[in-house]
Each structure stands twice: as structure tokens, then as C-alpha cells.
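Novice: sequence first, then the predicted structure:
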Amino acid sequence: MKRIYVNEMWCLGCHLCEYYCAYANSGVQDMVKALKDKQIKSRITVEQRGTISFAVNCRHCTEPLCVKSCIGGAITSKDGVIVIDQSRCVLCYSCIMACPYGALMPAVEGVMQKCELCTTNSQGQPACIQGCPNKAIVFEER
Amino acid sequence: MHYVMIGNSIASTACIEAIRSIDRKGSITVIGEEDHPCYSRPLISYLLQGKTDENRMKYRTAAFYEENKVTVLQGTRATSIDREGKTVCLDGETTLSYDKLLLATGSSPFVPPIKGLGEVKNWFTFLTLDEAKRLQTHLKKESRVLILGAGLIGLKCAEGILDKVQSVSVVDLAPRVLMSVLDEASSIQVRDHLQEQGLRFYLGDSIQECTANEALLQSGIVIGFDLLVIAVGVKPNIQLASEAGLAVNRGILVDQGGRTGDPDIFAAGDCSEGPEMISGQRAVLALLPNAYLQGETAGKNMAGDEAGFDKAVAMNALSLMGLHLITVGRYEGESHVIPCKDGYKRLFVKDNHLVGCILVGEASKRAGIYTAMIRNKVELDSLDFDLICEEPLLMAFAKNVRQQQLGGPV
């Protein structure tokens, strides 16, 4: 299965992946309207200290602890892509407790959100890849 | 091959999913005492709160049992097990034969002897959907609710009903709230937060006697109530197992693979007592993630695989009126209280390993990184300890570890 992989050697720490992610999941056509004066809550997070930086998002684990820990059965695996049915989320934080990568976070709407490889929005391809100017994030089979 | 499961909650569902990942052909029968398909038990307080409904509480889709070719006997009670004949007796009448049997009988609310309880017209426990719905029908704007028990169940119940009723009072013999999962500092923080929202606490106190609408506490205080909820704890349902001659302690004793002493009988979930990772001792860990992982492991073994669940630790994620709490592992060894804005963080370190954490409010962010460190017994001298204390970041791990985490399938 194709997944997102990051190479910290190439990460510039520009945070563009975060903006592209938030835009892709906003459902708004215009990028400026989607992001300007809005609280940006992207599903990908850049960790940055000193000269090191890299992006972290859901690893779509083969043994997903978030799926097995979700008290509402809201998180499921669809052909290997871990997705969340936000209508069933009660924001209990069990997935935050379980995820070894810290890849789930509350959305602006008060439910949990996570990277779904842009399979559930209109992007078709992960938007963070398209936004990364230095190919530090790739979407491929490994 | 006929797989039979007694109990139709999380452990059984995980068991079904695990069996079907290996064996598509064997027949599966689930016996469920409650007249519902598997539902998310911890959501009953959210049902009262109006944050979910019965349909969304179903743990799996409507097609789940059909897709997995499972026969569900809803509203049916397993009354005894004949290990020699390998049958389960249903409702004391019919028998059902099994090749492999899972005991996922869960737990029951513990109701302590309270003088005068018989006079109380409306008292409830808070563990099942039916009981929550029964409580719901009695909630009125003018109701005064008294909850006995300031643990996880009592406080979730309080949260669920607080804005539906006139008042909610909570009594507990323990001097603090959530005594079993929080330390003193965090417990006080949680109590203060809940008091600000309107809950009334009577801690270090207990109900000495009840009349129809009043509770006399040990301290002499009298609390008037319309509805009484008893939430002092749960006890594993071990009767079937012990009557069948299986080894039991508090729960049904199992090994890492969910095996009881009988090679064809397994147990998982709230009813089971298996090895806890950090202490190495057996413990009942009645928590949903463990129920899933135990049921899954048992299912794999029932279908002929060799699986072991060797990472069982206590873990709680709990939100109470907007305040999030996450606790993992054991509180022993050297403790580090990390100052943090809008929250509380305490980490426990023993023999170069993180063994426990208490995280409140903002400190719960990305908590799973700590959980993974505990479960995977990460050597603390292999990472930047000061940084990981400050914030759970993958940055704190060695570069080659990060590369494995982010550069390949996991």
C-alpha cells in the first residue's frame, strides 16, 4: 500500500505541508479563503528543533492501536487506510492515548481528526506532497 | 470447527475479527445476555448527554455479523459449561456444543450493602445500555441525583446528567476523586474543575443509611435525593468459569495468550485476569483497549495461531466536562513532575524505563508517544530524556529510530 514517508534530510521546516493539509480538508475552493484568519488545524505536524525538522502524520499502521482503542468504534481500517467517522467521535482522547506517533488531534469542530491520505476529501492525492517544495514528503509503496 | 463466545461485547467482537482473519470457514456463535448487538459500553454517559444515540453506539456496522457469518443469540444466558462434553447450557434448557470457547462475560456493578436501600424507589447502577436508558426515563429538570462513587463510572455518569437535572451530589469513601487512577495533585485539580461546573462532593464519607428520599452520611450530613446511582466499582463475572472448575482469582486466570487451564477455553476482557506487563503480576485490567487486544489474541489462538499479548498495562483516557485526562502504566519508581501550562504532567521512571504517566489538560497532547515508550520498554538513555519530559516528540528519539518510524511501513 502507498503511504506517506518523510525524509528529514530534505525538510526545510517551511510548514507548507500543514497549510496544504488544512486547505485540502477545509472543503473550501479558494486557498486564501480557506486559511486566512482561520484557526489552522492540520493533520500533519512539523516537529522542529534547532536545525532538524520533519513532518509527522498518521503512519497507517498495519496493527493500528487507535482502531483497537477507540471506545466508539469510530476509527476503522478501509483497505489499510485508517479513517475516522467523525459523527461517532465523542472526543474521549483514547486514540490520542494509543497512537505511538501522536498523529491524532482535535479538529476545529470538536471531534478528532487524522490523516486519511486525502482519500476522503476531493484531492485524490495527499495534498501535503503537492505542497512540499523539496520532496521531503513522498507518497509511495515501500 | 465451532467457535462459541459467551458475552457479546468488545472482547468477543475482537475475537470474531481475529478468527475471521485466519479462518473464514468455521462457524461462530456469540451468546449475549443483553438484548443488543455489541455496543460501545463507555458511551452510555454520552447517550445521556445527548452526544450520541443508540444507532451510533453500535460498535460495528449492521452488516457485521452477517459479513463474518456469526450466529448471535441475543438476550440469551449461558447458565453452565460442561467441559467434558464440550457444551454450554443456554437458559438452563438447551445445549450448544463448542470446539473452542471464549469466556467474555464482562463484569457486574458491585452494590455494597446499604441499610435502607430497599426503601429507595429509584436506584440505578451504571454499566449497561438498558440501565442507562432506564435512568434516562427518570431524569427530570427538578431531579436531585445522588451518586455513590467518585471513580470513573460515577464521574462519567455525573457528567452525562448534570445539565439535565437540578443537582448532582457525589459521595465517596475515598478522600479524593478518581483515587485509583490519579495522584493527589491531579485529583484535586479534577475535583476543583468539576465543582466549578456545579458538582457537589462529599469525600471521605459514605452512606450510612437510606430512607426513600434521603441519605444519612457517616459524617451526619443528610442529603435529599430523587434518584440514587450506585457506582462504587465492578466485579468480574467469574461464576460460570469457577463452577466449571477453571482457575479464578478476582478474574478468570489466563496466560498471555488468553488461555485458561483448559486448552479449549479462553477468556478475555473485564472478566479475565492476565499478566500485567510492568509488574509481571496478574491483574484485572477492565479497560476497553485491553478487552480488544485480549479478545484479538484469544481469537488468533482459538483459530490455531500462536499469539501472545505481552503489553498489557493499565491505560485510561477520560474527559470530564472539557478536561482531558490520560493515565498509563504504574506509579512507581522515580517521579518527575513537569511544569506545564494549562495542565499537569507527572512521569514515573524505573530502571531506565518510563513505567507510568499522569497527564491532565494540555499535557495530554500526543500522549500516545509516552504510552508507546511504556509499552515498548524504550531504554531512556537511548533518547533525549529532558526533551521527551518537556514534550512528547519523535524528535527526542535517535535519528535511526525516527527513520524507522517515518521512513518505512510500521
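Specialist: Yes, it's here.

Novice: give me the number of residues near residue B:168?
Specialist: 28 (other Cβ atoms under 10 Å in any protein chain shown). For every residue, glycine as well, the C-beta is placed using N, CA and C.

Novice: which stretches of the chain form helices?
Specialist: I'll assume chain A. A:16-24, A:31-35, A:65-69, A:94-98, A:127-131 (DSSP state H).

Novice: wrong chain, I was asking about chain B
Specialist: Going by DSSP H, chain B shows helices at B:10-22, B:44-49, B:64-67, B:129-138, B:152-161, B:184-196, B:239-243, B:288-302, B:368-375, B:385-390, B:399-407.

Novice: want to try JSON lines for those helices, with mean pLDDT and distance to residue A:127 as columns?
Specialist: Listed next are these as JSON lines, based on pLDDT from 0 to 100; distance: least, Cβ to Cβ, whole Å:
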{"stretch": "helix B:10-22", "mean pLDDT": "98", "distance to residue A:127": "32"}
{"stretch": "helix B:44-49", "mean pLDDT": "98", "distance to residue A:127": "32"}
{"stretch": "helix B:64-67", "mean pLDDT": "97", "distance to residue A:127": "33"}
{"stretch": "helix B:129-138", "mean pLDDT": "98", "distance to residue A:127": "40"}
{"stretch": "helix B:152-161", "mean pLDDT": "98", "distance to residue A:127": "37"}
{"stretch": "helix B:184-196", "mean pLDDT": "97", "distance to residue A:127": "38"}
{"stretch": "helix B:239-243", "mean pLDDT": "98", "distance to residue A:127": "52"}
{"stretch": "helix B:288-302", "mean pLDDT": "98", "distance to residue A:127": "31"}
{"stretch": "helix B:368-375", "mean pLDDT": "98", "distance to residue A:127": "24"}
{"stretch": "helix B:385-390", "mean pLDDT": "97", "distance to residue A:127": "30"}
{"stretch": "helix B:399-407", "mean pLDDT": "94", "distance to residue A:127": "18"}
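
Novice: may I ask which helix or strand of chain A has the lowest mean pLDDT?
Specialist: helix A:31-35 (a mean of 91; mean pLDDT, DSSP states H and E).

Novice: and among the helices of chain A, the most buried is which?
Specialist: helix A:94-98 (a mean of 29; mean count of other Cβ atoms under 10 Å in any protein chain shown).

Novice: which residue ranges of the stretch 301-410 of chain B form strands?
Specialist: B:315-320, B:323-329, B:334-338, B:343-350, B:353-361 (DSSP state E, counting those that start in this stretch).

Novice: including mean neighbour count, could the ones you listed go into CSV?
Specialist: Shown next, in CSV, are the strands of the stretch 301-410 of chain B (neighbours: other Cβ atoms under 10 Å in any protein chain shown):
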stretch, mean neighbour count
strand B:315-320, 22
strand B:323-329, 25
strand B:334-338, 13
strand B:343-350, 21
strand B:353-361, 24
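
Novice: adding mean pLDDT and distance to chain A, write those out as CSV.
Specialist: Listed next are the strands of the stretch 301-410 of chain B as CSV, based on pLDDT from 0 to 100; distance: least, Cβ to the nearest Cβ, whole Å:
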stretch, mean pLDDT, distance to chain A
strand B:315-320, 97, 4
strand B:323-329, 98, 5
strand B:334-338, 97, 16
strand B:343-350, 97, 13
strand B:353-361, 98, 9
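
Novice: got JSON lines for these, with distance to residue B:22 too?
Specialist: JSON lines is the format used below for those (distance: least, Cβ to Cβ, whole Å):
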{"stretch": "strand B:315-320", "distance to residue B:22": "27"}
{"stretch": "strand B:323-329", "distance to residue B:22": "30"}
{"stretch": "strand B:334-338", "distance to residue B:22": "43"}
{"stretch": "strand B:343-350", "distance to residue B:22": "37"}
{"stretch": "strand B:353-361", "distance to residue B:22": "33"}
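
Novice: now do the contacts for residue 103.
Specialist: No chain specified, so I'll use chain A. Contacts of residue A:103 were listed using Cβ atoms under 8 Å, 6 or more residues apart in numbering or on different chains, and they are A:43, A:45, A:56-59, A:114-115.

Novice: that's the wrong chain, I meant chain B
Specialist: B:6-7, B:240-241, B:252, B:260, B:265-268, B:271-272.

Novice: cutoff 7 Å now
Specialist: Neighbouring residues of residue B:103 by Cβ atoms under 7 Å, 6 or more residues apart in numbering or on different chains: B:6, B:240-241, B:252, B:265-267, B:271.

Novice: just say which of the helices of chain B is most tucked in.
Specialist: Comparing the helices of chain B by mean neighbour count (mean count of other Cβ under 10 Å), helix B:288-302 comes out on top with a mean of 28.

Novice: out of the contacts of residue A:103, which is nearest to chain B?
Specialist: residue A:59 (4.8 Å; Cβ to the nearest Cβ).

Novice: can you read off the pLDDT for whichever residue of chain A sits closest to chain B?
Specialist: Residue nearest to chain B within chain A (Cβ to the nearest Cβ): residue A:102, separated by 2.9 Å. Looking at residue A:102, its pLDDT is 98.

Novice: with the one 4 residues further on instead?
Specialist: In this model, residue A:106 is scored at 96, pLDDT.

Novice: how much space separates residue B:257 from chain A?
Specialist: 17 Å (Cβ to the nearest Cβ, to the nearest Å).
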